[in-house]
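Asks: Let's see this in three dimensions:
(one chain, ligands or ions: 1)
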Amino acid sequence: MTKPNFATHEVFNQSPPFENVDLFSCDRPLVEAVAAFGGAEAAKELSEFGKHWGSAAMAARGRTANENTPKLRTFDSRGNRRDEVEFHPAYHELMAHSAHAGVHNSTWTAQGKPAGGAAEVVRAAKFYIASQVETGHLCPITMTRASVAALASQPDLLAKTMPVIATRSYDPSFAPWWTKRGMTLGMGMTEKQGGTDVRANMTRAERTADGYRITGHKWFMSAPMCDAFLVLAQAEQGLTCFFMPRFAPDGTLNAIQFQRLKDKLGNRSNASSEVEFAGAWATPVGDEGKGIRTIIQMVQLTRQDCAIASAGLMRSGLAHALHHTRHRSVFQKHLADQPLMRSVLSDMALHVEASIALAMRLCHAFDRTPDDPAEAAYMRLLTPAIKYWVCKCAPPFLFEAMECLGGNGYVEEGILARHYRESPVNAIWEGSGNVMCLDVLRALSREADAAVAVLQALGEETRGLPGAGEAVGFIGKTFRRAEGERVARLAVERLALLAASAALTRVSPRHAELFAATRLAQTHAGMYGAVDLIESDTHGLLERALP
Ligand SMILES: Cc1cc2nc3c(=O)[nH]c(=O)nc-3n(C[C@H](O)[C@H](O)[C@H](O)COP(=O)(O)OP(=O)(O)OC[C@H]3O[C@@H](n4cnc5c(N)ncnc54)[C@H](O)[C@@H]3O)c2cc1C
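Replies: The predicted structure follows:
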């Protein structure tokens with residue numbers, strides 16, 4: 001009797017894994033944006049980083065770290081408190097690789113001053129690449145590097161911690177920070193009754209002979225195995241920022257008690273805790289009563305990273321979509337050669353090209369801020385606008401990328417389902433959408449002249465681009481309206497689109513024109529691909545995105 005032939009086991013017309021690629025060099029818009037904003041000299045270093053993070057081994061670590069989520073060990077078998085979170089080794093390996101490349105500290109000197117040059121741009125390229133592989137571990141990475149900006153308000157503390165922050169070692173041991181080869185920092189602001197409105201914080205700080213004792217709760221405190229946290233608490237003079245280590249100065253376990261870990265939509269490799277401080281030891285960072293002013297220095301940087309990571313997620317979605325459609329045939333033609341699919345892919349490529357140009361332009365402003373007031377004004381006005389636009393664009397973009405892979409995009413073995421679940425968080429945390437719009441309004445009202453100068457400069461840079469002049473007029477007029485808050489989203493989105501067009505003029509003038517024509521002059525319907533690009537532009541965009 002002949003055996004039945006199970007022909008379905010022969011797999012064909014599927015794409016090979018998108019692995020073992022150089023995630024830097026295969027991304028021309030990234031290479032050119034890095035060069036345009038001062039980072040050309042780092043091309044070799046970034047290519048090495050790109051190859052490493054584009055390897056099959058790193059992809060496997062990303063998958064494994066998300067499949068094996070962190071576990072809270074509140075007590076030991078004898079009932080003693082442990083308050084430890086255990087992570088899969090893959091998570092620790094991701095942390096070690098990021099730390100080794102300085103993603104958590106390379107924008108600072110060993111003394112905690114801005115590193116200067118193109119440090120922000122180069123580090124952002126690494127953050128962008130790493131976020132294409134695994135974003136959960138980047139939470140403590142971003143908080144650690146951003147914490148230095150807040151610690152700068154307390155120079156003696158900065159001087160003590162910086163030697164441990166500045167190393168490129170990742171040390172996961174649960175031990176006092178001053179004994180470790182490297183340290184990570186997190187932050188605790190949000191409470192049950194208020195996240196945006198941190199003035200509603202009820203956590204109390206009482207001065208004692210040896211520092212302060214903090215009592216209260218935090219409703220979201222991510223990366224709970226960080227070595228220390230910057231937390232907000234009410235002291236005598238008002239809301240104050242504190243440095244709260246996992247171990248008190250005498251080496252005993254600090255009274256930081258985790259209630260449980262959040263069960264989250266995405267961001268699953270990263271732990272986010274609910275925590276109580278039961279008289280935890282802490283020391284102030286900056287002046288008492290100036291907690292918001294202190295911690296906002298940190299938050300400004302984490303907002304920048306939210307935009308970079310969201311751009312990275314979109315880039316990954318695009319790269320996977322391009323790769324798959326170039327291998328998959330439908331109706332005797334590769335999907336990537338079907339005219340309608342080409343419209344979708346090239347329009348998505350244009351979106352990513354604008355997003356990375358804009359993110360790098362912002363990082364350039366961060367690089368220049370210490371020496372250039374105009375760049376500092378750009379940074380303050382545009383950071384919330386860019387976070388708003390880039391992060392909010394990511395979920396629908398990733399949905400479209402997933403759809404390019406058809407059913408294969410929707411399953412958990414691929415990376416796009418994970419990216420999709422991850423993508424909303426960057427818009428929600430570190431200041432949600434409306435809050436970013438209100439921040440733009442605040443920057444406008446506090447520094448009206450500087451903000452007008454930024455808008456004028458954007459107008460100059462985009463002169464002649466389709467719809468740019470109208471956009472400048474619209475933004476100015478809308479922001480001046482008495483009911484500014486109600487219409488803020490209208491103006492902030494246009495501000496981001498204008499800034500993206502301006503950023504693109506420095507990277508690729510042709511794509512600045514295309515972006516302005518389709519986004520500012522509004523020849524674009526709602527969905528990706530609902531746009532009329534000529535074939536030479538479509539071809540150019542797709543070749544740049546993935547040669
Ligand atoms: C996965 C995850 C991890 C987190 N990790 C941390 C962490 O480590 N540390 C930490 O401190 N926090 C953390 N957070 C908390 C996060 O920063 C807050 O959830 C966020 O700031 C929003 O605060 P909220 O949840 O209290 O929402 P609310 O403040 O209640 O806001 C709800 C909505 O109202 C909008 N809104 C607020 N004010 C206004 C207004 N005046 N006008 C119009 N609309 C308004 C907001 O934009 C938002 O959309 C985390 C959150 C998540 C999801």
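
Asks: From now on I want contacts and neighbour counts done on CA atoms only, so please keep to that.
Replies: OK.

Asks: Need the residues that contact the longest strand anywhere in the chain.
Replies: Across the chain, the strand with the greatest residue count (assigned by DSSP state E) is strand 272-285. Contacts of strand 272-285 with the rest of the structure, by Cα atoms under 8 Å, 6 or more residues apart in numbering, involve 150-151, 153-154, 157, 211-224, 240-245, 248, 254-262, 291, 294.

Asks: can you check stretch 424-444 too?
Replies: Residues outside stretch 424-444 that contact it (Cα under 8 Å, 6+ apart) are 196, 266-267, 299, 302-303, 306-307, 309-310, 380-382, 384-385, 387-388, 391-392, 394-395, 451, 479, 484-485, 488-489, 492.

Asks: Try it again at 6 Å.
Replies: With contact meaning Cα atoms under 6 Å, 6 or more residues apart in numbering, stretch 424-444 is reached by Cys306, Leu381, Pro384, Tyr388, Cys391, Lys392, Pro395, Ala451, Ala488.

Asks: what does stretch 189-209 give?
Replies: Under Cα under 6 Å, 6+ apart, the answer for stretch 189-209 is 212-216, 218-220, 231-235.

Asks: Which of those lies at the shortest distance from the ligand?
Replies: Distance to the ligand across those (Cα to the nearest ligand atom) is lowest for Phe220, with 4.5 Å.

Asks: is whatever helix or strand the closest one lives in up against the ligand anywhere?
Replies: Taking DSSP states H and E as the criterion, Phe220 maps to strand 211-222. Yes - interface with the ligand: strand 211-222 contributes Phe220, Met221, Ser222 (Cα under 6 Å from any ligand atom).

Asks: Any residue of the helix or strand harbouring Thr142 touching the ligand?
Replies: Element membership for Thr142, per DSSP H and E: helix 138-151. No - applying Cα under 6 Å from any ligand atom, one finds helix 138-151 separated from the ligand by no less than 8.2 Å.

Asks: Let me know the secondary structure of Ala125.
Replies: Assigned with DSSP: H, G, I helix; E, B strand; the rest coil, Ala125 falls in the helix class.

Asks: what's the neighbour count on it?
Replies: Burial measure for Ala125: 29 neighbouring residues, criterion other Cα atoms under 10 Å.

Asks: Next: the one 5 residues further on.
Replies: Neighbour count for Ala130, taken as other Cα under 10 Å: 28.

Asks: Tell me the helices and strands packed up against the helix or strand where it lies.
Replies: Element membership of Ala130, judged by DSSP H and E, is helix 119-131. Using 3 or more Cα pairs under 6 Å, 6 or more residues apart in numbering; DSSP states H and E as the contact criterion, the elements in contact with helix 119-131 are helix 291-327, helix 339-368.

Asks: If we use 8 Å, what do you get?
Replies: Here helix 119-131 touches helix 28-36, helix 43-53, helix 291-327, helix 339-368, going by 3 or more Cα pairs under 8 Å, 6 or more residues apart in numbering; DSSP states H and E.

Asks: Just the CA trace of the helix or strand following the second one, in CSV.
Replies: Scanning the chain past helix 43-53 towards its C-terminal end, the next helix or strand to appear is helix 56-67 (assignment: DSSP H and E). In CSV, the C-alpha atoms belonging to helix 56-67 read as follows (Å, rounded to 0.1, in the frame of the first residue of the first chain):
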residue,chain,number,x,y,z
ALA,A,56,19.3,36.0,14.5
ALA,A,57,20.6,35.7,18.0
MET,A,58,19.4,39.1,19.1
ALA,A,59,16.0,38.5,17.5
ALA,A,60,15.8,35.3,19.5
ARG,A,61,16.6,37.1,22.7
GLY,A,62,13.9,39.7,22.0
ARG,A,63,11.3,36.9,21.4
THR,A,64,12.4,34.9,24.4
ALA,A,65,12.4,37.9,26.8
ASN,A,66,8.8,38.6,25.9
GLU,A,67,7.6,35.1,26.0
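
Asks: quick one, helix 56-67 and helix 43-53 angle?
Replies: With axes from the mean of the first three to the mean of the last three Cα atoms, to 10 degrees applied, the angle from helix 56-67 to helix 43-53 works out at 60 degrees.

Asks: How about residues contacting helix 56-67?
Replies: Under the contact criterion Cα under 8 Å, 6+ apart, helix 56-67 has outside partners 19-20, 52-53, 87-91, 93-94, 133-134, 267-269, 415.

Asks: Give the buried residues for stretch 175-182.
Replies: Pro176, Trp177, Trp178, Lys180, Arg181, Gly182 (16 or more other Cα atoms under 10 Å).

Asks: Spit out the contact partners of the fourth one.
Replies: Going back to what we said before, that points to Lys180. Counting by Cα under 8 Å, 6+ apart, Lys180 touches Val164, Asp171, Ser173.

Asks: Ok, the second one next?
Replies: Applying Cα under 8 Å, 6+ apart, one finds that Trp177 lies in contact with Val164, Met183, Asp227, Ala228, Pro245, Phe247.

Asks: Let me know the closest of these to Ala357.
Replies: Taking Cα to Cα as the measure, Ala357 sits nearest to Met183 out of the contacts of Trp177, at 31.7 Å.

Asks: Please look at that closest one and Arg168 and confirm they touch.
Replies: No - the criterion here is Cα atoms under 8 Å, and Met183 misses it with Arg168 at 9.6 Å.

Asks: So which of the two has more stuff around it?
Replies: Taking neighbours as other Cα under 10 Å, Met183 and Arg168 compare with Met183 leading, 28 against 21.
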